[in-house]
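Undergrad: Sequence and predicted structure below; questions after.
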Amino acid sequence: MNWPENTDDIEKNLLKSDALHEYILKTNVFPREHEQLKELREATEKHPMGLMGVPPEEGQLLSIILKTLNAKNTLEVGVFTGYSLLTTALALPDDAKITAIDMDKSFYEIGLPFIKKAGVEHKINFIESEAHPALDKLIQEVKEDELFDFAFVDADKNNYIHYHEKLLKLVRVGGIIAYDNTLWFGTVATEGPVDPKYPDFVGILRDDVVKLNKSLASDPRIEISQLAIGDGLTICRRVY
Ligand SMILES: C[S@@+](CC[C@H](N)C(=O)[O-])C[C@H]1O[C@@H](n2cnc3c(N)ncnc32)[C@H](O)[C@@H]1O
């Protein structure tokens, strides 16, 4: 084997170009995307806030995690038009239950026809509420043997750190909590003013996401893996 003397300029992080992203989408993601997910994604892209939807390559990953985990009882915080929710509903068995929380039902109603067409609406319990009171209510109601297998968090980033404490009471040991947007448009690795091409909220919330990442990285109750997929996804496995 011819091993170079200096490997300093070789990186394992290959995904540096839009062309590679397009390649992944065209070869792996779009050909396997469920018909109703594709329709929902295309409808969401036309929405003025369509950027909020989970990208399809991330949906594909979530689907594999859910199936590998044999998840039957999941929680979602932040539904929007429902791309991640429909992904979850399609990945879970017919008798599974998804508790989905969002403070604005009108977004969910945009996605509902696609969810119905896919024949998975019966798995979903949608709760229109602010996340905090809804999670508190679940903590009161849920019995030890009914804890969630998986939680996906994709709502107000400044509250993730507080949701985390609640989710550790709601997700079973061995279960997964997945936090979306933890690389926050790449800004977590920058200092000073955020590029003005981004909306204000990106700069406003950057410190919250940085704080969350630091907190998750030092939390002994979970194992973590932070992935550079979509806008950054941190997968946490509850250890105790
Ligand atoms: C980024 S979007 C979710 C995207 C979604 N996972 C998807 O795949 O399309 C964030 C959602 O969180 C909701 N949200 C924001 N703050 C919230 C809060 N405090 N409580 C509950 N929902 C909230 C918003 O209404 C919005 O629909």
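TA: That came through fine.
Undergrad: Residue 133 belongs to a helix, doesn't it?
TA: Yes. Membership of residue 133 in a helix is supported by DSSP: H, G, I helix; E, B strand; the rest coil.
Undergrad: Now the most centrally placed residue in the chain. Nearest residue, chain neighbours left out?
TA: Central residue of the chain (C-alpha atoms, centre = their mean): residue 180, 4.0 Å from the mean position. Distances taken as C-beta to C-beta, 6 or more residues apart in numbering place residue 154 nearest to residue 180, at 4.1 Å, with adjacent residues excluded. C-beta: built from backbone N, CA, C; applies to glycine.
Undergrad: list the contacts for that neighbour?
TA: By C-beta atoms under 8 Å, 6 or more residues apart in numbering, the residues touching residue 154 are 54, 76, 77, 78, 80, 84, 180, 181.
Undergrad: The first one contacts residue 153, correct?
TA: No. Under the criterion of C-beta atoms under 8 Å, residue 54 lies out of contact with residue 153, with a separation of 11.6 Å.
Undergrad: Mind listing the shared neighbours of these two?
TA: residue 180.
Undergrad: Specify the local secondary structure of residue 74.
TA: Three-state call for residue 74 (three-state DSSP): strand.
Undergrad: Can you read off the pLDDT for residue 13?
TA: As predicted, residue 13 sits at a pLDDT of 68.
Undergrad: Oops, could you answer that again for residue 7 instead?
TA: Residue 7 is assigned 79 on the pLDDT scale.
Undergrad: quick one: contacts for it?
TA: Not one residue lies near residue 7 by C-beta under 8 Å, 6+ apart.
Undergrad: Assumed it was part of a helix.
TA: No. According to three-state DSSP, residue 7 belongs to no helix; its state is coil.
Undergrad: Next SSE downstream of the helix or strand bottoming out on mean pLDDT in the chain?
TA: Scoring the helices and strands of the chain by mean pLDDT, DSSP states H and E places helix 18-24 at the bottom, with a mean of 92. Next helix or strand after helix 18-24 toward the C-terminus (DSSP states H and E): helix 35-45.
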